[in-house]
Structure formats: C-alpha cells, structure tokens
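Asks: quick one: sequence and predicted model below, then my questions.
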Amino acid sequence: VPGGSRRMTNETPTCFIAVHQGFASRYLLQTDIVPTLLEQGWRIVVLTPNADSEPYFRETYGSDRLIVAPLNLTAAEAVRKTSRIHRFGSHVRSFVADRRKMLPQLDHFLDNHRRGRASLGRLSRLRFAIGDACIAVLRRSRFLRRLELDLENRFAGPDLHADLYRTYKPSMTVVTSPGNQGVDALLMREARRHGAKVAVVMINYDNSTTKGMRGGPIDGIAAWT
C-alpha cells in the first residue's frame, strides 16, 4: 500500500469502501484493512446506507481521515430493476464464465432456469431464447465477453455518487464481489468512470466461480479463504 503524509492534504490518497451489508462491514471494517490504510496515510471514505446512524466508525478508529458518507443504495437498486440493459446483461453474465472448467456448474443452473420457463408467456420465452443465444456466443468468445462488459459499462453505469467523487477524488474503490451480484457492478463502473481503480475483496471465495462473469472492471481481487 503506497504511503502518504499523516497530515490531510490535497495529495492524500483516498479510498472508497462500499459497505452495504453486515458481512461487508465485518470483513472490511473490523479487520486490519482500515488500520493498515490509515497507518499508511490514506484517507478512507466508508460508503454506507446508514451513514447518519453509524458514528461509531470514526469513534472506533479515532482518525479525521476516516469519513462516513451515504451510499445511494436506493438509486442503485432502482437502476438494477429498471435498466433493461443491466437486467439483460446480468441475466446473460450469470451463465457465462471466462474459463471452461467453470461451466458445468453454470450449466446446471441454466438447465434449472430453462425448466422454470414452461409457464411463461410467448414474449418472455422469446426474450429468454435471445438470452440463451447470447450466452452460447459469449461462452465461445473472450473478445465478445469484453465487448459485452464495455457496453454495460458505457450504457448501464449511472453516476450515483458524482458529488462524492468530485469532493474526495479517490484513487481506489473497494467492493465485496466481482460485480456478479447486488449493486457492486454499478459501483465498479462508476469508479472507473471517475478514474478510480477497483479492488475486490470477496466475502465468499466461490463468488468468482459460481455466479458467472464479473460485472465491471477490476484492477485487483482477493478472497479470504
């Protein structure tokens, strides 16, 4: 971890840590990650839906370089539900993997999904048939997988925290999945749009092999177990 001045300046390296559930708080805020970053001179901005009701973060670490800011979870969830590009991309990616050895388990999930479509209407079945065709193509082409991610990054990556990025100018954003579940994909895309690197500290190690493709750009990834 690069070092920095103990005194807060415009050059102080800043890290956003997205904490939108209890396990993320435990893994990221109650381990050596935060003390190590603070010791190395980083400023940490914890993004949490309960920013107003969680003053204990600052009290615990006793540093003016630890800031708690609101995570716009409501807007992120709205995008997940209303963006057709994001929803379609998430569906397709959940059955695609970058390595063929990961496909057998995803095939099992896909077969179960197909069996559940019998009672759907014609339009829904057509939509899923298109999805199946995209899944088959993406499984065969790394270039097309990268293109699919680029399209999602461009057209399904809203600015949820633009004011915070302008204020703190972080060089890194930390999330807890490869973007193949929850709102992390949107947070990853937003970070890259603002020039921040993306670090993933996975809560569950198997999220890299059982949840399909990643959902956004990743510069570094680690698993606990």
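Replies: That came through, no problem. Numbering: from 1, shown residues only.

Asks: give me the residue at the spatial middle of the chain.
Replies: D184 (2.2 Å; CA atoms, centre = their mean).

Asks: all strands of this structure, in order?
Replies: 14-18, 43-48, 66-70, 172-175, 197-202, 220-223 (DSSP state E).

Asks: how much space between the residue nearest to the centre of the chain and V200?
Replies: 8 Å (CB to CB, to the nearest Å). Every residue, glycine included, has its C-beta placed from N, CA and C.

Asks: overlap in contacts, those two.
Replies: Counting by CB atoms under 8 Å, 6 or more residues apart in numbering, the common neighbours of D184 and V200 are V175, T176, S177, P178.

Asks: may I have stretch 188-206 as PDB, with CA atoms only?
Replies: Output of stretch 188-206 as PDB, limited to C-alpha atoms (Å, rounded to 0.1, in the frame of the first residue of the first chain):
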ATOM      1  CA  MET A 188     -17.400  -0.600 -10.100                       C
ATOM      2  CA  ARG A 189     -18.500   1.100 -13.300                       C
ATOM      3  CA  GLU A 190     -18.900   4.400 -11.600                       C
ATOM      4  CA  ALA A 191     -15.400   4.200 -10.000                       C
ATOM      5  CA  ARG A 192     -13.800   3.600 -13.400                       C
ATOM      6  CA  ARG A 193     -15.800   6.400 -15.000                       C
ATOM      7  CA  HIS A 194     -14.200   8.700 -12.400                       C
ATOM      8  CA  GLY A 195     -10.700   7.400 -12.900                       C
ATOM      9  CA  ALA A 196     -10.500   5.300  -9.700                       C
ATOM     10  CA  LYS A 197      -9.100   1.800  -9.600                       C
ATOM     11  CA  VAL A 198     -11.300  -1.100  -8.500                       C
ATOM     12  CA  ALA A 199     -10.300  -3.500  -5.800                       C
ATOM     13  CA  VAL A 200     -12.400  -6.500  -4.900                       C
ATOM     14  CA  VAL A 201     -12.300  -8.300  -1.500                       C
ATOM     15  CA  MET A 202     -14.700 -11.100  -1.900                       C
ATOM     16  CA  ILE A 203     -16.800 -12.100   1.000                       C
ATOM     17  CA  ASN A 204     -17.300 -15.600  -0.300                       C
ATOM     18  CA  TYR A 205     -14.400 -17.100  -2.300                       C
ATOM     19  CA  ASP A 206     -16.800 -19.100  -4.600                       C
END
